[in-house]
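Enquirer: I need the structure of the sequence given here:
(2 chains)
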Amino acid sequence: MITAENLTKVYGKRAALDHVSFEVPEGEIFGFVGPNGAGKTTTLRILAALLEPTGGHASIGGVDVAKQPDLVHSRLGYMPDFFGVYDKLTVSEYLDFYAACYRQNKQRRTKVVAELLELIGLTERRDQLVDTLSRGLKQRLCLARALVHDPVVLLLDEPASGLDPRARVDMREILKELRRMGKTIVISSHILPELTELCTMIGIIDHGRMRATGSVQEVIQHLSAGRRVRIAVVGDAEAALEILKPLASVSHTEIANGAIEATYEGDDSTAAEILQALTAGGIKVSAFSQVDGGLEEAFMRATSDEVG
Amino acid sequence: MNRVATAFWNPIVAKEYRSRMRTWRSPVAMMVYILLIGGLGFAVFSVMAYANSGITGGGNYGQILFSALIGFQVILLAFVTPALTAGAISSERERQTIDLLFVTRIPPFSIIWGKLLASMSFVVLLLILSIPIFSLVFLFGGIELDQVVYAFLVTLVTALTLGVMGILFSTWLRRSLVATVVSYVAAFVLIVGTLAFGLFFPTQIDPNATKAPAPPAFTYLSPVISLVWIAGDGSYLSASSYGVRYPNTVVGGGSGNTVCQSAPGGGTSCYSTGSSSGGLVSTSGFVQSAQAGTGTVPSGFFEGWQYWQATIVMQLAICLVALLVSAFILPPVRRLPWRRRNLTKSAPAVSE
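Expert: Purely as a prediction, here's the structure:
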């Protein structure tokens, strides 16, 4: 559904994007992760035909973004990383305005606005002025704005940025609903745990280059040096460390937050062997669990080599 | 709605109407505008009444009042219109809402047109509000209805030109403050600068010409000349030989210079200061009646046109060009046929 091939954007001598390529199949949620200035927004703006790439090309649903921007605009909904609201318009007028910008007739607009307000839970606030909404509600309204023409693709730039935990949960639930509706969604975000739960695919970008892309598990496995277990023991933790360190499968151990974290190479049976070694050594293990360092660790590993 | 109707009446107009009329600024602006126009009218009338007290039939109240009101109206609109339009596009950029319009199906021209139409509607509203005050001139006489209509037409087109220039600078300069300042400078140039052009670069009169001279066509851009003629005060312009200059050459074969001066009735008389003739020389008939007509351009490209017609045509031409340029430079990605590159080619090497 979404294809980016060797996207390059150069400002002067600085490369904002350097041959960025990725694909997002239909119905997937693609998490676009990267530090500030990595090139996320630039990529999304190129996909939305708001920026001309220096090189490479992008397509939405097989339509070249650079050659048929109008057709692309009819297929995608774009939500930038700012609200972009007008003063002195009510919530329903705001959505009606954008629906009219997509040349929908009055009857259709009325229906669409009602449906969208229902989706984002703002029906009871339809007559409230937009600039009096809270940040979270504005963000929801902006998402609704991107949906007024029922696009098949959604490009969401930092949709959860600056939201409180409650608003983030609300936003996540709405995105899940959109996924159920079959939308193909690209989300750029810094909120990595949320992406892990929400996204089916992930792309990590840094310094304008794509570091890794694929399913969440593929990316984590690709970038992770090993798996980790968290071990809580009753009594002396040092004794447990003495048992763990000689094990060939264990590459690193440390005590963190009152528990032992051990990094090892292997699978679940290797973890079972570690537990067995501890109990055989007389260590009373009160808790033994896999640590899902997951995306955050993968992200840090992918972006640490050139940071600074 | 069909495409033409959509282009001319689009959602932006309706949105702008809502936003504009829901602020306290609009009614206050209208009230201040009316108070200023009305106040000036009252002041002019009071001065005239005081100056002519005890004198019967002194002065043409209607004409003087009309001239003062229409001149003041142009000045007020020169302040109001750029303020309405110079932030139209740049404020969308500053508010970061412009991208949201670009991803809709509204074409750039419709965005420009919608902004302009919404702003100019407010200007038209101000003009309509001033009509009752202008109607007072009919109480005193000396002004016909067609003069008022022409004057309003020139004023409206001048405001439109100022508005379109404001839109252009708003699109081009991106920052509202800068765009507003430049728009005011442009308004000054349009109204005063073009008028000054006629003083500094007047038309050189050819003594052998068979037609009366006219000021440079560039000066017609200023609404001042047109409004002066419409108000019936054109004789002042001709009396001062505005926009024309008699060359320092011999007239009638003498060796001296030609000196011209205003003559009663608005004409101009020339005489030679040379040694051969010394006195008043016979000048071509056109010189005597060069600019004492009824507001018709005597020669040049607009020969036979009324001054106000020339002003309107030239200003509308500027509007058209400025509108097209604005619509061209507005989109974030400009796609000219000759600039279309094959983006599927491999990207250039990048060095970090």
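
Enquirer: how about the strands in the chain?
Expert: In the absence of a named chain, this looks at chain A. Secondary structure of chain A (DSSP state E): strands at A:2-11, A:14-24, A:29-33, A:55-60, A:63-64, A:76-79, A:153-157, A:184-189, A:201-206, A:209-215, A:227-234, A:250-256, A:259-264, A:284-291.

Enquirer: could you do chain B instead?
Expert: Counting by DSSP E, one finds strands in chain B at the ranges B:203-204, B:244-245, B:258-262, B:268-272.

Enquirer: how does chain A divide up, domain by domain?
Expert: The record's domain parsing of chain A by automatic domain parsing lists A:2-222, A:225-292.

Enquirer: can I get those in TSV with distance to chain B and mean neighbour count?
Expert: C-betas here are computed from N, CA, C, even on glycine. Formatted as TSV, the domains of chain A follow (distance: least, C-beta to the nearest C-beta, whole Å; neighbours: other C-beta atoms under 10 Å in any protein chain shown):
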stretch	distance to chain B	mean neighbour count
domain A:2-222	2	19
domain A:225-292	26	15
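
Enquirer: Give the buried residues for stretch B:314-333.
Expert: B:314, B:315, B:318, B:319, B:322, B:323, B:325, B:326, B:327, B:330, B:331 (16 or more other C-beta atoms under 10 Å in any protein chain shown).

Enquirer: check contacts around residue B:323.
Expert: Neighbouring residues of residue B:323 by C-beta atoms under 8 Å, 6 or more residues apart in numbering or on different chains: B:109, B:112, B:113, B:116, B:164, B:167, B:168.

Enquirer: Helices - which of the buried residues of stretch B:314-333 land there?
Expert: When DSSP state H is applied, the buried residues of stretch B:314-333 are split such that B:314, B:315, B:318, B:319, B:322, B:323, B:325, B:326, B:327 fall in helices.

Enquirer: Could you give the number of residues near the nearest residue in space to the third one that is not next to it in sequence?
Expert: Distances taken as C-beta to C-beta, 6 or more residues apart in numbering or on different chains put residue B:161 closest to residue B:318, at 5.6 Å, once the chain neighbours are dropped. By other C-beta atoms under 10 Å in any protein chain shown, 26 other residues sit near residue B:161.

Enquirer: Pretty sure residue B:161 sits against residue B:315.
Expert: Yes - Residue B:161 is within contact range of residue B:315, at 4.2 Å (criterion: C-beta atoms under 8 Å).

Enquirer: Surely residue A:207 is in contact with residue A:38?
Expert: Yes - if you go by C-beta under 8 Å, residue A:207 and residue A:38 touch, sitting 6.5 Å apart.

Enquirer: Need the buried residues of stretch B:314-333 in CSV (columns: distance to residue A:272).
Expert: As requested, these are exported to CSV (distance: C-beta to C-beta, whole Å):
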residue, distance to residue A:272
B:314, 90
B:315, 87
B:318, 83
B:319, 81
B:322, 77
B:323, 75
B:325, 74
B:326, 71
B:327, 70
B:330, 65
B:331, 62
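
Enquirer: Let me know which of the domains of chain A is the nearest to residue B:296.
Expert: For residue B:296, the closest of the domains of chain A is domain A:2-222, at 48.0 Å, according to C-beta to C-beta.

Enquirer: average pLDDT for the closest one?
Expert: For domain A:2-222, mean pLDDT is 87.

Enquirer: Could you do stretch B:42-55 as well?
Expert: Model confidence over stretch B:42-55, given as mean pLDDT, is 76.
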